[in-house]
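> how would this look folded up:
(one chain, ligands or ions: 2)
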Amino acid sequence: MVKPDGVQRGLTGEIIQRFEKRGYKMVGCKMVWPSKELLEKHYADLSGQPFFAGLIAFMATGPVVAMVWEGKEIIKMGRMMLGATNPQESAPGTLRGDYSIDVTRNIIHGSDGVDIAKKEIGLWFKPEEMFDYKSCLKEMVYE
Ligand code: DAT
Ligand code: MG
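Numbers count the residues shown, from 1 in each chain. Ligands and ions are numbered 1, 2, ... in the order given. The predicted structure is shown next:
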């Protein structure tokens with residue numbers, strides 16, 4: 001998900017392009033201005049953290065771009081492409097390492113595991129907003 005800072009800074013296209021160019025397949029994509037209720041469910045596991053209220057407040061300041069990507073080990077590889085949570089520790093070449101400075105403005109969210117991804121997809125997407133199609137790139141990206 002491109003966070004409000006990523007959308008405002010015009011980084012949505014670049015973020016999508018990184019995933020597209022690597023060879024991953026987009027199966028869902030939409031702009032959403034999330035409610036605090038949705039964000040509280042999305043970040044429920046962080047509700048005990050001191051930064052929780054600020055995180056929810058910032059994430060509700062504007063629209064985000066929610067996406068579902070498909071591909072081999074996409075969750076693990078996607079996390080690598082994002083970089084460390086704190087941009088001060090994100091390697092150059094990662095999205096956060098190239099485009100962000102502070103942890104509360106780290107431009108992008110990525111699911112952290114298969115079960116979490118399923119939960120998050122259920123929160124953000126209706127089944128009919130996701131698309132099962134054959135990518136013409138398949139034979140050229142995978143062995
Ligand atoms: P990630 O987004 O890499 O999965 P997370 O799930 O631990 O990281 O935290 C969710 C978001 O909360 C993170 O992208 C930015 C914010 N956050 C995390 N740690 C923080 C901290 N110490 N202070 C302020 N915001 C923080
Ligand atoms: Mg997380």
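> residues near the residue lying closest to residue 63 once chain neighbours are set aside, how many?
Nearest residue to residue 63 in three dimensions, chain neighbours excluded: residue 33, at 4.5 Å (CB to CB, 6 or more residues apart in numbering). Using the backbone N, CA and C atoms, a C-beta is placed for each residue, glycine as well. Look at residue 33: counted by other CB atoms under 10 Å, it has 12 neighbours.
> Surely residue 33 and residue 61 touch.
No. The criterion here is CB atoms under 8 Å, and residue 33 misses it with residue 61 at 9.1 Å.
> Run through who's touching the helix or strand containing residue 76.
Secondary structure from DSSP states H and E places residue 76 in helix 74-82. With contact meaning CB atoms under 8 Å, 6 or more residues apart in numbering, helix 74-82 is reached by 18-19, 22, 24, 69, 71, 90, 94-96, 108, 110-114, 117.
> That one: which residues count as buried?
74-75, 77-79, 81-82 (16 or more other CB atoms under 10 Å).
> Distance to ligand 1 added to those, as a markdown table?
Formatted as a markdown table, the buried residues of helix 74-82 follow (distance: CB to the nearest ligand atom, whole Å):
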| residue | distance to ligand 1 |
| --- | --- |
| 74 | 15 |
| 75 | 11 |
| 77 | 15 |
| 78 | 11 |
| 79 | 8 |
| 81 | 12 |
| 82 | 7 |
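> How far off centre is the helix holding residue 76?
With CA atoms, centre = their mean, to the nearest Å as the basis, helix 74-82 stands 10 Å off its chain's centre.
> What would that helix look like as CSV? C-alpha coordinates only.
Output of helix 74-82 as CSV, limited to C-alpha atoms (Å, rounded to 0.1, in the frame of the first residue of the first chain):
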residue,chain,number,x,y,z
ILE,A,74,6.2,-12.1,-3.2
ILE,A,75,5.7,-11.3,0.5
LYS,A,76,9.3,-11.9,1.4
MET,A,77,10.7,-10.3,-1.8
GLY,A,78,8.3,-7.4,-1.4
ARG,A,79,9.5,-6.7,2.1
MET,A,80,13.1,-6.7,0.8
MET,A,81,12.1,-4.2,-1.9
LEU,A,82,10.5,-2.0,0.8
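> All set, thanks.
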